[in-house]
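1. Compute the structure for the input listed below.
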Amino acid sequence: MELKDKKILVVGLARTGVAVARFLAEQGALVTVTDMKGSALLGPYLQKLADMEKIVYELGYHEEATFIGADMVVMSPGVPMEIPPVRLAREAGCPVLSEIELASIFIDVPVAAITGTNGKTTTTTLAGEIFKSCGFKTFVGGNIGKPLIDLVTSGERVDLAVAEISSFQLEGISSFCPKVAVLLNLTEDHLDRYESFQEYINAKARIFENQTTEDFAVLNMDDPLVATYAASLKARVVPMSRLRELDQGIFHRDGCITFISEGRTERFPTDAYKLRGVHNIENIMAALAVALLMGCDAGKAAGAVERFSALRHRMELVRVLNDVAYYNDSKGTNVGSVVKSLESFAGKVTLIAGGKDKGGEYAPLADLVKNRVSHLILLGEARQRIYSALGNLTETCMVGSLEEAVARAGEVTEPGGVVLFSPACSSFDMFRNYEERGDLFATLVDALPGSVQ
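-> Now for the predicted structure:
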């Protein structure tokens, strides 16, 4: 792709927008960056581009003429593809790309791409650690850490790349083709952006769109929505199941993960794993499948998994106080994630939930709340809606802050119980992101008085 002297519009100036704008400018493109936020709110990002003197900025507004007159539009994942000026650009014949599509054009190493509603970050990070332990120079990024375009701009030579990919990023692809693509699960999410659940599903499934018979598709067959794609993909399907034994693929049975593919059989006992919870068995299976399909040694892969600990804000044990375990699951930003987290405990759970509502239904939590949650503490914009759906199933109260929620949880949770902070909502009503929210939870828990085990 020739970029020199091309008029290219970058939509959205955050982490990804900065990386894309810098790459394009360094290639000699005539770059304009637009964002509906003004310069006062974008100061840190503007500072990162301060040395790129030729970049033009249109901040606080979108100029339709700039969209229509561009040779190419590159979208940051936080900006919907269907905003009016983007539609005008398409109608004018201008190609509209996502950052991962642009990056993939310039990447010449195999890419493993991992998507799904939940578990993407853990699976991607673990896969990266396995590859590194097996001696592969590996780039890990995408929707976490570094944008995929950073692999191009860094000039770093690697053997392969592992990328977490969101539905937003997949909206703008046309040729992006991972060697191994993983679809972990599909549950309602981002319905504040998509018109329907099916539209969200369709975006996720685009990860397989350009694969051929030379590529692999790892599918979680325990998820009925994911399983429907098994018969229609061009790629070689590698089924995955936590619930049943498989003739081919990767599955979990009686404390052992087994991988069977094209005459190869590998077994991985799980008793030494630091990652706990049913959802993490699925994440581990997916990461192992990716690694083994792309040439990793099974013994070295097993060691990497055994050494791997939970990521921050994902079922992270903060402390045990007065015989009560406090778990920070701030990354549990949708109902499907909270289902998996609650399934990891037999009962006596005090669940703290709530935040900015994302438009999904809370009903899938009903049986788990009724049978495993002894106290439900609700906060944030979504608290009333969650209360209406679940409040009659267990002892429930609504609070005005996370500080109040943690204090209340410490009062009501019996010894031997669990306090689980798994919001089922995004953080943006009260916090900048889920990390800030989880950090505050951990700080509040650490400040509780009592006997530490």
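2. List phi and psi for the most centrally placed residue in the chain.
-> Centroid check for the chain by Cα atoms, centre = their mean gives K120 as the closest residue, at 4.5 Å. K120 adopts backbone torsions of phi -60, psi -50, taken as degrees, to the nearest 10.
3. any idea of the pLDDT on it?
-> K120 carries a pLDDT value of 93.
4. Would you confirm that it contacts N143?
-> Yes. The pair K120 / N143 is scored as a contact, 7.0 Å apart, by Cβ atoms under 8 Å. All C-beta atoms are positioned from the backbone trio N, CA, C, and that covers glycine.
5. got any residues that touch both of the two?
-> Shared contacts of K120 and N143, defined by Cβ atoms under 8 Å, 6 or more residues apart in numbering, comprise E164, I165, S166.
6. closest to M221 among the residues you listed?
-> Nearest to M221 among those is I165, at 20.3 Å by Cβ to Cβ.
7. my guess is the closest one meets A112, correct?
-> No. Counting by Cβ under 8 Å, I165 stays clear of A112, with 10.0 Å between them.
8. Pull stretch 409-418 out as CSV, backbone CA atoms only.
-> C-alpha atoms of stretch 409-418 as CSV (Å, rounded to 0.1, in the frame of the first residue of the first chain):
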residue,chain,number,x,y,z
ALA,A,409,-20.1,-6.2,52.3
GLY,A,410,-17.7,-6.4,55.2
GLU,A,411,-20.6,-6.2,57.6
VAL,A,412,-22.9,-8.8,56.1
THR,A,413,-20.6,-11.5,54.8
GLU,A,414,-20.3,-14.5,57.1
PRO,A,415,-17.0,-16.2,57.8
GLY,A,416,-16.2,-18.7,55.1
GLY,A,417,-18.0,-16.6,52.6
VAL,A,418,-16.8,-14.6,49.5
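9. Low-confidence ranges, the protein, go.
-> Residues of the chain meeting the criterion pLDDT under 70: 451-453.
10. Who are the packing partners of the helix or strand where K132 lies?
-> Per DSSP states H and E, K132 falls inside helix 120-133. Identification of packing neighbours for helix 120-133 by 3 or more Cβ pairs under 8 Å, 6 or more residues apart in numbering; DSSP states H and E yields strand 111-115, strand 138-142, strand 160-164, helix 278-293, helix 298-307.
11. where does the next helix or strand after the second one sit relative to the chain's centre, distance-wise?
-> Think strand 138-142. Moving toward the C-terminus from strand 138-142, the next helix or strand (DSSP H and E) is helix 149-154. Between the centre of helix 149-154 and the centre of its chain there are 21 Å (Cα atoms, centre = their mean, to the nearest Å).
12. name the helices or strands packed onto helix 149-154?
-> In terms of contacts (3+ Cβ pairs under 8 Å, 6+ apart), helix 149-154 is packed against helix 15-26, helix 99-106, strand 138-142.
13. of these, which approaches G416 most closely?
-> Shortest distance between G416 and the helices and strands packed on helix 149-154, using Cβ to Cβ, is found for strand 138-142: 38.4 Å.
14. what comes into contact with that closest one?
-> 100, 113, 124-125, 127-128, 131-132, 146-148, 150-151, 156, 158-165, 169.
15. May I have that strand exported as CSV, CA atoms only?
-> Taking Å, rounded to 0.1, in the frame of the first residue of the first chain, the C-alpha atoms of strand 138-142 are listed here in CSV:
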residue,chain,number,x,y,z
THR,A,138,6.4,-12.6,20.1
PHE,A,139,4.4,-9.4,19.9
VAL,A,140,1.4,-9.3,22.2
GLY,A,141,-1.2,-6.5,21.8
GLY,A,142,-4.2,-5.5,19.7
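16. So which bits of stretch 72-89 are buried?
-> If you call a residue buried by 16 or more other Cβ atoms under 10 Å, then stretch 72-89 has these buried ones: M72, V73, V74, M75, S76, P77, V79, M81, P85, V86, A89.
17. which one of those is nearest T270?
-> P77 (33.7 Å).
18. what's that closest one in contact with, if anything?
-> So P77 contacts G12, T16, S98, E99, N143, S166, F168, Q169 (Cβ under 8 Å, 6+ apart).
19. Nearest residue to it in space, please, no chain neighbours.
-> Sequence neighbours aside, F168 is the residue nearest to P77 in space, at 3.9 Å (criterion: Cβ to Cβ, 6 or more residues apart in numbering).
20. these two touch, right, that neighbour and E82?
-> No. F168 is beyond contact range of E82, at 11.7 Å (criterion: Cβ under 8 Å).
21. Please give me every residue in contact with T213.
-> With contact set as Cβ under 8 Å, 6+ apart, T213 has these partners: K234, A235, R236.
22. ditto for F208
-> F208 makes contact with A181, L183, A217, Y229, L233, K234, A235, according to Cβ under 8 Å, 6+ apart.
23. Please repeat the previous calculation with a cut-off of 10 Å.
-> Residues in contact with F208, defined by Cβ atoms under 10 Å, 6 or more residues apart in numbering, are 113, 115, 177-178, 181, 183, 215, 217, 219, 229, 232-235, 237.
24. How about S98?
-> Counting by Cβ under 10 Å, 6+ apart, S98 makes contact with 16, 20, 74-77, 81, 104, 148, 165-166, 168-174, 176.
25. Which of those fall within helices?
-> T16, V20, S104, F168, Q169, L170 (DSSP state H).
26. before we move on, the earlier item: may I ask which two of the contacts of F208 are separated the most?
-> The span of the contacts of F208, defined through Cβ to Cβ, is set by A113 and S232 at 18.2 Å.
27. if you count what's nearby, which of the two comes out ahead?
-> A113 (29 against 9; other Cβ atoms under 10 Å).
28. wait, doesn't that one sit right on A103?
-> No. Counting by Cβ atoms under 10 Å, A113 does not reach A103; the two are 11.5 Å apart.
29. list residues touching both of the two?
-> Residues touching both A113 and A103 (Cβ under 10 Å, 6+ apart) are G142, L148, A161, A163, Q169, F176.
30. Out of these, which is nearest to R193?
-> Using Cβ to Cβ, the shared contacts of A113 and A103 come closest to R193 at Q169, 12.8 Å.
31. Let me see the contact set for the closest one.
-> Contacts of Q169 by Cβ under 10 Å, 6+ apart are 16, 75-77, 98-101, 103, 113, 115, 142-143, 147-148, 163, 176, 203, 206-207.
32. hang on, the earlier thing: what do I165 and A112 both touch?
-> T124, P178, A181, V182.
33. so how far is P449 from the last one?
-> Spelled out, that is V182. Remark: distance between V182 and P449 (Cβ to Cβ, to the nearest Å) = 44 Å.
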